[in-house]
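A.B. asks: what follows is a protein structure lacking sequence information:
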């Protein structure tokens, strides 16, 4: 009976799995076509990597007028750009004051021993945090994010705080060097505080976003073995790389990006990156941006505020859906509500939403912190990815 069900599932899902090849779907585990050893031996994964990179370069050429040439060159050479004093000390002070006074919706998620707290910067935040919102929507920042992300459509931004040593438990998986996915994509940090080595700075393997022959050879081997050597993330399409793997690709050791407050960092997270090791209790506060779209599209999109509002509504709807599902189990969602005053306060170890006494469901606790964002981007693009259901069960990249 089990074999019959599997055959019926394959017949039913086969076309869907096949169509997913033209989307940002990345999981070797969730999609038997993407994870096929035979097809990957024949070069399927590498074909998708190269095709996506070609499409990205086409969009980068179209969007080149948005960013100075020197900055573009640095980004493609190193895989990230660092812009000190992106905002003034006066703006920094106002933003920190606004975040401390904010009393809207704040959500938290834990991975290993680390807690991540976020405020989604929607239009409703404008009257509550005017300087924060105007900074997040400033034309200069939007142009940089558009070019680096290869997409003119507006990126999603949050206020984010990372708390290290929030609880005892497993090691934070974000502190292992990894590539988010098989194609160019960006994350950005506008740091609102100085970030020293003790605070767990963003860490990047310089030049690792370039597609060298050694990188392609390593990707080829990993596409065949990812399901045989599961680590919880690589088999889902976010390949992990230890020191020996980096050496095999001819890459340097990871570089902690320590910065002063007001510094903007934008990184191609197809390159290898992670959070740095931090002292227990150390935290950092930042504006955090995220952008990921259909990697094979040649159309860079349009900078329409309306579409950004649609993305925000999808993210909020998804949060409420997961809240309701968790409450029905007397538990809490992975991204659960916390008191807003805790956004920049002391960690609430073991905090639960009022009225919820159960422990988090393990499957829900592995919700990707970008899953709803991806869904919003796909919906706004008019695209559809077929491993979305599985992406709702994976941890953050």
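C.D. replies: Thanks, I have it. Everything numeric in this text was worked out from a predicted model, so none of it was measured.

A.B. asks: ok so residue 118 is a helix residue?
C.D. replies: No. If the criterion is DSSP: H, G, I helix; E, B strand; the rest coil, then residue 118 is strand and not within a helix.

A.B. asks: isn't there a strand covering residue 284?
C.D. replies: Yes. Assessed with three-state DSSP, residue 284 lies in a strand.

A.B. asks: what sits against it?
C.D. replies: If you count contacts by C-beta atoms under 8 Å, 6 or more residues apart in numbering, residue 284 has them with 161-162, 191, 193, 195, 199-201. All C-beta spots, glycine's among them, are computed from the backbone N, C-alpha and C.

A.B. asks: same check, this time on residue 142
C.D. replies: Residue 142 makes contact with 154-155, 303 under the criterion C-beta under 8 Å, 6+ apart.

A.B. asks: the helices in the chain, which residues?
C.D. replies: 2-19, 37-41, 44-63, 69-78, 89-101, 130-136, 139-149, 213-225, 243-248, 305-328, 371-381, 388-391 (DSSP state H).

A.B. asks: next, the angle from the fourth one to helix 44-63.
C.D. replies: The reference is to helix 69-78. Helix 69-78 runs at 170 degrees relative to helix 44-63, counting by axes from the mean of the first three to the mean of the last three C-alpha atoms, to 10 degrees.

A.B. asks: how about helix 69-78: buried residues?
C.D. replies: Residues 71-72, 75-76, 78 are the ones in helix 69-78 that count as buried (16 or more other C-beta atoms under 10 Å).

A.B. asks: JSON lines for the helices of the chain, including distance to residue 299 and mean pLDDT?
C.D. replies: Compiled in JSON lines, these are given as follows (distance: least, C-beta to C-beta, whole Å; pLDDT from 0 to 100):
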{"stretch": "helix 2-19", "distance to residue 299": "19", "mean pLDDT": "76"}
{"stretch": "helix 37-41", "distance to residue 299": "27", "mean pLDDT": "97"}
{"stretch": "helix 44-63", "distance to residue 299": "8", "mean pLDDT": "98"}
{"stretch": "helix 69-78", "distance to residue 299": "20", "mean pLDDT": "98"}
{"stretch": "helix 89-101", "distance to residue 299": "34", "mean pLDDT": "97"}
{"stretch": "helix 130-136", "distance to residue 299": "25", "mean pLDDT": "98"}
{"stretch": "helix 139-149", "distance to residue 299": "13", "mean pLDDT": "98"}
{"stretch": "helix 213-225", "distance to residue 299": "26", "mean pLDDT": "97"}
{"stretch": "helix 243-248", "distance to residue 299": "35", "mean pLDDT": "97"}
{"stretch": "helix 305-328", "distance to residue 299": "13", "mean pLDDT": "96"}
{"stretch": "helix 371-381", "distance to residue 299": "9", "mean pLDDT": "48"}
{"stretch": "helix 388-391", "distance to residue 299": "21", "mean pLDDT": "36"}
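
A.B. asks: of all those helices, which one is nearest residue 166?
C.D. replies: Set against residue 166 and scored by C-beta to C-beta, the helices of the chain come closest in helix 89-101, at 18.5 Å.

A.B. asks: if we can go back for a sec, of the helices of the chain, which is nearest residue 291?
C.D. replies: Evaluated over those, closeness to residue 291 peaks at helix 139-149, with 3.9 Å, by C-beta to C-beta.

A.B. asks: tilt between that closest one and helix 305-328?
C.D. replies: Using the same axes, to 10 degrees: helix 139-149 against helix 305-328 is 70 degrees.

A.B. asks: roughly how far is helix 139-149 from the heart of the chain?
C.D. replies: What separates the centre of helix 139-149 from the centre of its chain is 17 Å, taken as C-alpha atoms, centre = their mean, to the nearest Å.

A.B. asks: mind listing what's buried along it?
C.D. replies: Of the residues in helix 139-149, 141-149 count as buried by neighbour count, 16+ other C-beta under 10 Å.

A.B. asks: which one of the residues you listed is nearest residue 123?
C.D. replies: Using C-beta to C-beta, the buried residues of helix 139-149 come closest to residue 123 at residue 142, 14.7 Å.

A.B. asks: measure that closest one to residue 136 for me?
C.D. replies: Here the criterion is C-beta to C-beta, to the nearest Å. By it, residue 142 lies 9 Å from residue 136.

A.B. asks: cool, residue 226 as well?
C.D. replies: 36 Å.

A.B. asks: next one: residue 81
C.D. replies: In terms of C-beta to C-beta, residue 81 sits 18 Å off from residue 136.

A.B. asks: try residue 327
C.D. replies: With distances taken as C-beta to C-beta, residue 327 is found 31 Å from residue 136.

A.B. asks: and the two? Which one has more around it.
C.D. replies: Higher neighbour count among residue 327 and residue 136: residue 136, with 23 against 15, using other C-beta atoms under 10 Å.

A.B. asks: list the contacts of the more buried one.
C.D. replies: Applying C-beta under 8 Å, 6+ apart, one finds that residue 136 lies in contact with 121, 157, 287.

A.B. asks: so what sits opposite the residue nearest to it when sequence neighbours are not counted in the bridge?
C.D. replies: Excluding the flanking residues, the one nearest residue 136 by C-beta to C-beta, 6 or more residues apart in numbering is residue 157, at 4.4 Å. Taking DSSP bridges, one obtains residue 289 as the residues bridged to residue 157.

A.B. asks: contacting residues for residue 157?
C.D. replies: Residue 157 sits next to 121, 136, 287-290 when contact means C-beta under 8 Å, 6+ apart.

A.B. asks: was I right about residue 267 contacting residue 82?
C.D. replies: No. The criterion here is C-beta atoms under 8 Å, and residue 267 misses it with residue 82 at 9.4 Å.

A.B. asks: how close does residue 342 get to residue 110?
C.D. replies: 13 Å.

A.B. asks: could you check how many residues crowd around the residue nearest to residue 174 when sequence neighbours are not counted?
C.D. replies: Nearest non-adjacent residue to residue 174, counting by C-beta to C-beta, 6+ apart: residue 275, 4.6 Å away. Residues lying near residue 275 (other C-beta under 10 Å) number 22.

A.B. asks: tell me the spacing between residue 275 and residue 82.
C.D. replies: 17 Å.
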